[in-house]
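Student: When you get a sec, could you give me coordinates for this:
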Amino acid sequence: MNTTHKHNTPREFVTYIGYIVSYLAVALSGMSFAFALLNVIFPEVGSYTSLGYTDVFSALGIFTTAVIVFLVMVYVVVRLVKQGGTHPDSRVRTWTLYIGQFIGYVTLAVTLAIAIKYFFGGEFTVRFALKSLVVLLIGIDAVLFFRHELSRTDKTPAWVSMVMSVAAGVIVIVSIIGTFMYLGTPNIARSIKHDEQRVSDLQALGSNITNWYQSHGSLPTDLATLKKQDYYQEPRDPQYAEGRVYTYQVTDAKKLSYEICGTFDLGSDNKFVVRKDRATGGNNYPYSPRANGVMTLERRFDSGEISETNLDNPWHHGVGNHCYTKTIDTKQYPIFEKPIGTRSVEI
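Tutor: Now for the predicted structure:
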């Protein structure tokens, strides 16, 4: 037995290192996914974090991949034990598993310390409490997991590993289904992103139309006219290659009224759009347009423009083609005066 063990020591070392790393990857990616989801479910106005709505799907993908790799490593370890490639007295196996168990204890200690600090600091929010609970559960699981592995022998029933594998798979499936039910499928997320770009493009288009008026004293006749403007970049729909374009039409040249239109995938009252807007503090529409269509850099959640349905937002839209009617305020946005150097001088 000892000869076999010495012969398989490199294999044993690599296997258990991979086993621990894969488990820690599951723990960390699961924690990141839980944090990102909690940031969306319990948003805090004015709170910016790298883990938010846009990270949920990427975190879920990493978590799913980590679980798959871990399940492969479970199979490799079980096979190693059955073939006699390791045993309870192996120093390589014991040291690596004790390191993993130590990490679990450290996680528990740090979680407790942070929870106590925030509790006495008066910042113990529901979101923070749930995050602490997630970390606590992961720490407890790590301790129990590595304690079990330290006691594993070639006589340990195979069903123990099977239950552990099934539990990991169930957690992933529940996470995927739960995320899709609350945030929508990746297809919906892509549609939301496209619609955000369309709103941003139409806002930029409105600004360019206003600048044209201030420079020329009239509205541009069509979008092609705007190309004559210096530094103008033509906005294109995210699905331009599929035939989607933005349109512009003068509705009343004397009153300086016009329409700009785009085709949207989802309506502003869609529940997934509303959840995204609430979770990001209104960043769905990063600029807060005034009545005349010119943007300001103030955040919409600061100006109180967020509602439960987004219908109070001046840039709300329905599904399909939607037009915005804008009128330029000539008092607020007068025609630019020509520089003195450009005026004709009579001699």
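Student: right, and Phe336 touches His216 too?
Tutor: No. Using CB atoms under 8 Å, Phe336 is not in contact with His216; the gap is 9.1 Å. In short, each C-beta sits where N, CA and C put it, glycine included.
Student: Val273: neighbour count?
Tutor: Val273 sits with 25 neighbouring residues when counted by other CB atoms under 10 Å.
Student: Can you verify it is assigned to a helix?
Tutor: Yes. The assignment for Val273 is a helix, going by DSSP: H, G, I helix; E, B strand; the rest coil.
Student: quick one: it from Leu266, how far?
Tutor: Val273 sits 6 Å away from Leu266, going by CB to CB, to the nearest Å.
Student: Overlap of the contact sets of the two?
Tutor: Ile192, Asp195 (CB atoms under 8 Å, 6 or more residues apart in numbering).
Student: ranges for the strands of the stretch 101-250 of the chain?
Tutor: Assigned by DSSP state E, counting those that start in this stretch, the strands in the stretch 101-250 of the chain fall at 247-252.
Student: quick one: low-confidence parts of it?
Tutor: Under the criterion pLDDT under 70, the flagged ranges of the stretch 101-250 of the chain are 121-123, 152-161.
Student: now the helices: where do they sit in it?
Tutor: With DSSP state H, counting those that start in this stretch, the ranges of helices along the stretch 101-250 of the chain come out as 126-150, 158-183, 186-216, 223-226.
Student: buried set for the second one?
Tutor: Judged by neighbour count using 16 or more other CB atoms under 10 Å, the buried positions of helix 158-183 are Ser161, Ser165, Ala168, Val172, Ser175, Thr179, Phe180, Leu183.
Student: so the nearest residue to Gly320 once chain neighbours are set aside bridges to which residues?
Tutor: The shortest distance from Gly320 to any non-neighbouring residue, by CB to CB, 6 or more residues apart in numbering, is to Thr263 (6.1 Å). Thr263 has these beta-bridge partners by DSSP bridges: Asn321.
Student: how many other residues sit next to Thr263?
Tutor: When neighbours are counted by other CB under 10 Å, Thr263 registers 19.
Student: tell me how far the helix or strand hosting Tyr98 is from the chain's mean position?
Tutor: Using DSSP states H and E, the element containing Tyr98 is helix 91-120. With CA atoms, centre = their mean, to the nearest Å as the basis, helix 91-120 stands 28 Å off its chain's centre.
Student: Can you add distance to Gln83 and give the helices of the stretch 101-250 of the chain back as CSV?
Tutor: CSV is the format used below for the helices of the stretch 101-250 of the chain (distance: least, CB to CB, whole Å):
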stretch, distance to Gln83
helix 126-150, 17
helix 158-183, 14
helix 186-216, 41
helix 223-226, 71
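Student: so which of the ones you listed comes closest to Gly30?
Tutor: helix 126-150 (6.8 Å; CB to CB).
Student: hmm, who's touching that closest one?
Tutor: Applying CB under 8 Å, 6+ apart, the external contacts of helix 126-150 come out as 19, 23, 27, 30-31, 34-35, 38-39, 41-42, 44, 88, 94, 97-98, 100-101, 103-105, 107-108, 110-112, 114-115, 118, 160, 164.
Student: ditto for stretch 181-197
Tutor: Under CB under 8 Å, 6+ apart, the answer for stretch 181-197 is 37, 40-41, 53, 56-57, 238-239, 264-266, 272-273, 275-276, 284-285, 317.
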